[in-house]
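>>> Build me a structure from this.
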Amino acid sequence: MNQLRGEADLDTLTGLANRRRFRVALTRELERWRRYGTPCALLLLDVDYMKTINDTYGHPIGDRVLREIAHTLSKVCRDNDVAARLGGEEFALLCANVDAVKGELAAKRLHEVLRQQRIEGVGQTTVSIGVAACPEHANSERTLYAASDAALYIAKNEGRDRIAVAPRLQAELPTVEHRNK
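The predicted structure follows:
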């Protein structure tokens, strides 16, 4: 039964955590931040031009691209991090105990490793990465995911094959005193 439960939390193509397991991990990391002040960073990755890869080389080669990227994510992932395939060509790397600065550094290292990777039948593939961290860019599961997703959208719109970091949360605005004149 435990084996079936474990398999239900894995993406069948890549062996990474699936969306369900990722959501559980995200909730756990945000709870750690709320209780202990432990930061976390979320990197969302999207394979650039995946539709073109599938259309040009066929879906079996497209699947190879996804498996190779997943394998690389598994290699760079620390024991307390979670690498997941969220669906299609979208991946996530949830980095425990990592602030915004370290999250951006992790994204840069990962981006460079993936850029240098050659995949049989395709050659070089690239990814776009959106980075957000709690508490610098978000303060809940929903806002952390949304901030990272918005940063990913910026990276893709600025030409792909790049990293974008979410904007910092604004501190509470000071109250304005009203004076009677």
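
>>> hey, what's the closest residue to residue 90 other than its chain neighbours bridged with?
Nearest non-adjacent residue to residue 90, counting by CB to CB, 6 or more residues apart in numbering: residue 46, 5.3 Å away. In short, each C-beta sits where N, CA and C put it, glycine included. For residue 46, the beta-bridge partners are residue 90, residue 128 (DSSP bridges).

>>> Surely residue 19 touches residue 90?
No: in this structure, residue 19 is not within contact of residue 90 by CB atoms under 8 Å, at 9.4 Å.

>>> before we move on, back to that, spit out the contact partners of the residue nearest to residue 90.
Going by CB atoms under 8 Å, 6 or more residues apart in numbering, residue 46 touches 89-91, 127-129, 152, 156.

>>> Kindly report the same for residue 9.
Taking CB under 8 Å, 6+ apart, we find residue 9 in contact with 17-18, 20-21, 24.

>>> how about the helices of the protein, start to end?
Ranges of helices in the chain, per DSSP state H, are 2-8, 19-36, 50-57, 59-76, 100-116, 141-157.

>>> How many neighbouring residues does residue 24 have?
The burial count assigned to residue 24 is 13, neighbours taken as other CB atoms under 10 Å.

>>> now the one 5 residues further on
Other residues near residue 29 come to 26 when the count uses other CB under 10 Å.

>>> Report the contact partners of the residue lying closest to it once chain neighbours are set aside.
Spatially, and ignoring its direct neighbours in sequence, residue 29 is nearest to residue 40 (4.2 Å; CB to CB, 6+ apart). By CB under 8 Å, 6+ apart, the residues touching residue 40 are 29-30, 32-33, 94-98, 133-134, 144.
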